[in-house]
Structures are given as structure tokens and as C-alpha cells.
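# sequence-free structure coming up:
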């Protein structure tokens, strides 16, 4: 009895073990569930903080875009800038309201949003006032609001308001991240306790403990994966925001440079054209003039104007608005044919080597612009090797896989690669990240415009390609150009015919359409000088009236960018009245009238501004002869 009685407590204890185990497991499970829910709540708050930060960035970008397009309108007076400004201006109150709704849960942010809203409203009032002055024709007064008004102070108030709210959100993010880390630790402790408890009861329920251990391990791994994904998403979002800001900056600069280049090309057309006319007139008079220095002055002015024309060409290349004339080319033949040009350009201290890939694919691109891109890279390489060195130009077939393409914002597929490598001073990581920005240069003042690499980048992107820079300080630099492979079989283009700039003598009648009075006056005088009869028109409507009045027109020479009808629209209506009439377009900025996807439309006769009398003569004769063929 005593033995039985002594075993009774043990039996009772063993009978209670399952109950005790179950109770302890239930408690630990409840703790784990509670900790998991708290962890999810912390993650939700972290995501909320990221949404607020994204909304702050969007609001700041919207204010910056509104100010940029407002200043574009103040400077140029162009309506497209004002329309875009109005569009951005309308969206700002909604973005403020959205930000206010996101931060309504935080008393500190409620106070901060009031300050920010006041700063934004004051900034918008300032911008609206300047736009109103510009619309009213008070150009000087509108500029004064930028130069002498509180513009900088208003912008600083907006930046300060955004910075204050970001600081609050950064503090919240740090606090919530710490809480999430503590919850992770507590969850680990709870899981470990469950594991120890399971081991204590292993003798009784080995199989149950094994299964419970696996389940707990899976839960731990899942939580670890979720935590890692959250951290990765935070990093990716920050990188994406930086990339979006960079793209917006580059797009704004591209639009601005395109508009400037258009107006600048019109001015250069007048300068170069009239100087060219002076040269021709002086040649006819056997150089007789009142001042023997006039020819030297004319040459100097022409040199400066041509350099300015080259600069506008680079601006258009960077903004991807230059008209490309693509051809099916063999890159090996193009690189081989540049040896003499590179030797003259780089000098005797640079050794040029070429490594041409066998079986190289063809590509569809503008050969002149590609040659210019290679020369630009070669000149940059020469400047990086002041004491001399080796320049290697390599060609090869290449394939960009989907992983690389996604990381570099390119399209996967087959490409023709042209690499230019030097043994120069190289670049740091910071310089590489800014190398493609317009007007960025490491050269001394007056030694470079900072548009060389950005021009190459714009041409490559406009051609559907990809550009990558590899460099190490003191080791040298490699710039790789990837152009899409051409799969279609095409007949090689014939070399362009060189037409002499002589008088036509046949008095063919040219309808000249140009909305800029000075450019129209120069072109009219040049055409008469070349022996053509000219009927000028200041726009599309006037040109249509001329066609109906004078049906014996032999050629339509029209600008592309005009206020009422653009050149393409005018040509379409003229050809309905006079089918088969040859058309020659001229412009310094295309705006997709005769260029689509960066490429000149097939069969289009095109002449870029600014142009000389000889170039005008050649293009007019080419258009007339093509129509007669």
C-alpha cells in the first residue's frame, strides 16, 4: 500500500504532464501570435512612413517642376511652358491634401503640414503673379520677381517645410524600426523557449516535438524572409526615387535645350547666311572693298557662328531631338575608314589600335552621327592622356541578357558593340555617375563645354542603343556603345552625290515658306542669287493662297516649326492641290513633324538650319532632280 501510495503522486504527476504541457504550449503559442501581430503592425507603420516620404518627394518635385516651367515661360514666352505650368499648378492642392490625409495620425505632422501648406501657397502666389505679368506683356516686371523678389526665400520656406516633415518621419521610421527589431528578438526568445520546452517533453512526445520544431523553424524562416524583403524594398525604393529625380532633371534640361537650340538656329541661319552672301558679293567684285580687313572680319564671324551651330547640334543631340538619317552600315568598315581622321585629330603622341570583330553584324544608324560619336570619345581619351598613350577601338557582337538590361535600364537583345579604350588618368566613381550630365566637365574653364559625352549618350539612346562607362583612376577608361543589331537584309546605300553650287539659270519658281522674317529674307535673297524665281510666304495659310493663285510653282521650300500649320501639314495640303510637287523641309528643331522615333521619315528632303548658300543650292537641286527622276 505504501508503495502504491508512493507511486500515486507520480502517476498523478504524469497524468498532469500533458495538461501542463498543453497549457504551456498554448501560452507560448499565444505569445508568438501576439508578437507576430505586433510585428505586422510595425511593418505596416514602416510602410506608412515610406508612403509619407514618397508623398513629400512627389510634392517637392511637383513644386520644382512648376517653377521650372514657369521660368521657361518667363524666359521664352512660349505657351507650351505655360500650359505645362498650369497643369502642374492644378495638381498641387490635391497632393497637399493627400499628404495631409497621410499625416493626420500624428500631431507633430499636423502642425508641420500647416506650415508647409502656407509656404507652398505663398510660393504658388509668387509664381502666378510672375506668369500674370508675363502674359500681360510686362516682361521686365516678371523677370524682376525672380531677380529682386522673394523667390529664393519662398523656395527655402517650401524646402524647410518639406525637410521638417521628413525629419519627423525619419525619427518615426527609426523608432518603428527599433521596435520591429525588439519584436524580432522577443519572437526569437519565444521560439527558443518553445524549443526548450519541446526538448523537455521529448521523452513523452518525440514525434510531436519534432513536428512542432519544424513548424516553428518554418515560421522563423518566413519571418526572416519577410524582414529581409522589407529591407530590400526600402533600399530599392530609395534607389528608384533617386533614379526618377535624375530622369526628371535630365528631361527638364532636355526640353529647355531643345527650345533654346530652335531659336538659336534661326539666329545662326541669319548670321551665317548673310555673312556667306557678303563673301559671295565680294568675290563677284574681285575683293574690292573700302576696308581691306573686311574679309578677315567675315571669316572670324563665320568661324564663331559655325562653332555656335556645332554647340546647338550638341544640344539637340543631348535632348534627343536631332533628325537622324539611319542607314544600314558595317561598323568595321566605318571604324577602319576613320584611321586617317583620328590620326590627324589625336596627334603623334597617341597610338591608335583597332580590334575588329569577325562576322560583325550590321546595324541601322546615322553613319555621320556615329562617326562624330567615336571622334568625341577619341578626343576625350586624348585629353585624358596629356603625355601620350594608347587608344584602342574595338568592335564585337554582344548580347545583353534580361538581368543586365533591367539593372541598366536597357532592352535585352543582340547588339553591335563599339568600345573606345584609353590608358589615361581614368575617372572616380563620383565622376562616372555625373559624366553623362549636360555641361559637366572636369576640364579647365574654356577648355570644354561639357556636352561631348552627353551628345554621344543622346545619339545612342535616340538610336535605341545603350552606353556604359568603365573606368579606374590611373588605369584608364573604356566607353562601350551598343547599337541594336539589324536583322533585315538591306542593300548598302549609295554615297551621296556632291552637287556643285552653281546658278540654275532655268528660273524655276520656288515657294519659300518661313515664319521668321530674317531667315525668310536671307533665304529669298540666296535663292535669287542662285537664279531661282522666289515667291515668299510668312506662314502656311499664306502659302496655300499662293499655290491657288500661282499654280506654276516648281518647288515648295518650307520651315517645319510654324505657328498655324507646321511644314508637314502644309505639304500634305499643297500636294492635294499640286500632286508630285517636290518638297524640301528646313528646320533646326523637328518636334516630330518629319522625324519619328528619332529617325527622318523615308523619302523626306531635309536641310538643317543654319545652312550656307552652297548647301541651299545643293539641297534645292537634289530635291528637283529627285522629283524629275
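The structure has been received and is ready for your questions. No experiment lies behind these values; they were computed from the predicted model shown.
# ranges for the helices of the stretch 151-300 of the chain?
Taking DSSP state H, counting those that start in this stretch, the helices of the stretch 151-300 of the chain run over residues 151-200, 206-284, 294-318.
# return the set of buried residues in the lengthiest strand in the chain.
Across the chain, the longest stretch assigned as strand under DSSP state E is strand 389-400. Buried positions in strand 389-400, judged by neighbour count with 16 or more other CB atoms under 10 Å: 389, 391-396, 398, 400. Backbone N, C-alpha and C define where each C-beta goes, glycine included.
# so where's the stretch 101-250 of the chain shaky on pLDDT?
Residues of the stretch 101-250 of the chain that meet the criterion pLDDT under 70 lie in 147-151, 201-206, 208-209, 212, 238-250.
# quick check: the gap between residue 457 and residue 426.
Remark: distance between residue 457 and residue 426 (CB to CB, to the nearest Å) = 19 Å.
# more neighbours: which of those two?
A direct count of neighbours by other CB atoms under 10 Å for residue 457 and residue 426 places residue 457 higher, at 25 against 18.
# still on that earlier bit, show me which pair in the buried residues of strand 389-400 is furthest apart.
Greatest spatial distance among those (CB to CB): 389 and 400, at 29.4 Å.
# and residue 586, how many neighbours does it have?
If you count neighbours by other CB under 10 Å, residue 586 ends up with 25.
# looking at this, it is in a helix?
No. In this structure, residue 586 is strand, not part of a helix, as judged by DSSP: H, G, I helix; E, B strand; the rest coil.
# find the nearest non-adjacent residue to it, please.
residue 607 (4.5 Å; CB to CB, 6 or more residues apart in numbering).
# show me the contacts for that neighbour.
Shown in contact with residue 607 (CB atoms under 8 Å, 6 or more residues apart in numbering): 584-586, 615-616, 619.
# how about residue 471, secondary structure?
When classified by three-state DSSP, residue 471 comes out as strand.
# try residue 563
Under three-state DSSP, residue 563 falls in the coil class.
# again, but for residue 581
Assignment for residue 581 (three-state DSSP): coil.
# list the contacts of it.
553-556, 574-575, 627.
# filter the residues you listed down to just the buried residues.
553-556, 574.
# can you pick out the most distant pair from those residues?
The widest separation within these (CB to CB) is 12.5 Å, between 554 and 574.
# stretch 612-629: which residues count as buried?
612-624.
# and it, how far from the chain's centre?
Computed by CA atoms, centre = their mean, to the nearest Å, the chain-centroid distance of stretch 612-629 equals 36 Å.
# same check on stretch 408-426?
Here stretch 408-426 shows a centroid-to-chain-centroid distance of 18 Å under the convention CA atoms, centre = their mean.
# ends of it, what's the gap?
The stretch stretch 408-426 measures 21 Å between its terminal residues, going by CA to CA, to the nearest Å.
# what mean pLDDT does it get?
Mean pLDDT, computed over stretch 408-426, is 91.
# same check, this time on stretch 378-390
88.
# distance across it, terminal residue to terminal residue?
Stretch 378-390: ends 11 Å apart by CA to CA.
# so what touches it?
Under CB under 8 Å, 6+ apart, the answer for stretch 378-390 is 342, 345-347, 349-351, 353, 391, 393, 420-426, 443, 448, 452-453, 476-477.
# drop anything exposed from the residues you listed.
By 16+ other CB under 10 Å, the contacts of stretch 378-390 give 342, 346, 350, 391, 393, 420-426, 448, 452-453, 476-477 as buried.
# from what I see, residue 191 and residue 35 are in contact.
No. Residue 191 lies out of contact with residue 35 (CB atoms under 8 Å); the separation is 9.3 Å.
# distance of residue 84 relative to residue 73?
Taking CB to CB, one finds residue 84 at 9 Å from residue 73.
# ok, those two, which is more surrounded?
Taking other CB under 10 Å, residue 84 and residue 73 do not tie; residue 73 has more neighbours (24 against 19).
# measure how buried the closest residue to that one other than its chain neighbours is and give me the count.
Distances taken as CB to CB, 6+ apart place residue 81 nearest to residue 73, at 3.8 Å, with adjacent residues excluded. Neighbour count of residue 81, defined by other CB under 10 Å: 23.
# need the pLDDT of residue 81.
84.
# tell me who's in contact with it.
By CB under 8 Å, 6+ apart, the neighbours of residue 81 are 69-70, 72-73.
# for residue 168, grab the count of nearby residues.
When neighbours are counted by other CB under 10 Å, residue 168 comes out with 18.
# what do you get for residue 67?
22.
# and residue 521, by the same measure?
15.
# what angle separates the helix or strand harbouring residue 47 from helix 151-200?
Using DSSP states H and E, residue 47 falls within helix 2-76. For helix 2-76 and helix 151-200, the angle between their directions (axes from the mean of the first three to the mean of the last three CA atoms, to 10 degrees) works out to 160 degrees.
# so residue 361 versus residue 165, what's the distance?
Distance, residue 361 to residue 165, by CB to CB: 53 Å.
# between these two, which has more neighbouring residues?
Neighbours per residue, other CB under 10 Å: of residue 361 and residue 165, the larger number sits with residue 165, 24 against 20.
# so what's the more buried one up against?
For residue 165, the contacting residues are 52, 56, 99, 103, 109, 112-113, 116, by CB under 8 Å, 6+ apart.
# apply 6 Å and report the result again.
56, 112 (CB atoms under 6 Å, 6 or more residues apart in numbering).
# also residue 216?
Residue 216 touches 191, 194, counting by CB under 6 Å, 6+ apart.
# how about residue 427: what's its closest non-neighbour residue?
residue 471 (4.2 Å).
# what pLDDT is listed against the one you found?
Reported pLDDT for residue 471: 90.
# pretty sure it sits against residue 428.
No. With contacts counted by CB atoms under 6 Å, residue 471 stays clear of residue 428, the gap being 8.1 Å.
# give me the number of residues near residue 116?
25.
# thought it was touching residue 161?
Yes. Shown here, residue 116 and residue 161 form a contact pair, counting by CB under 6 Å, at 3.3 Å.
# measure residue 210 to residue 216 for me?
11 Å.
# pLDDT added to the contacts of residue 81, as CSV?
As requested, the contacts of residue 81 are exported to CSV (pLDDT from 0 to 100):
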residue, pLDDT
69, 84
70, 77
72, 84
73, 82
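# any low-confidence regions in the stretch 251-400 of the chain?
Short version for the stretch 251-400 of the chain, where the test is pLDDT under 70: 251-271, 274, 280-324.
# cross the contacts of stretch 378-390 against strands and list the overlap.
Short answer: these in strands (DSSP E) are 350-351, 353, 391, 393, 420-422, 476-477.
# which SS class is the spatially closest residue to residue 129 that is not a sequence neighbour?
The shortest distance from residue 129 to any non-neighbouring residue, by CB to CB, 6+ apart, is to residue 145 (6.4 Å). What three-state DSSP gives for residue 145 is helix.
# I'd guessed residue 145 sits against residue 132; true?
No. The criterion here is CB under 6 Å, and residue 145 misses it with residue 132 at 10.1 Å.
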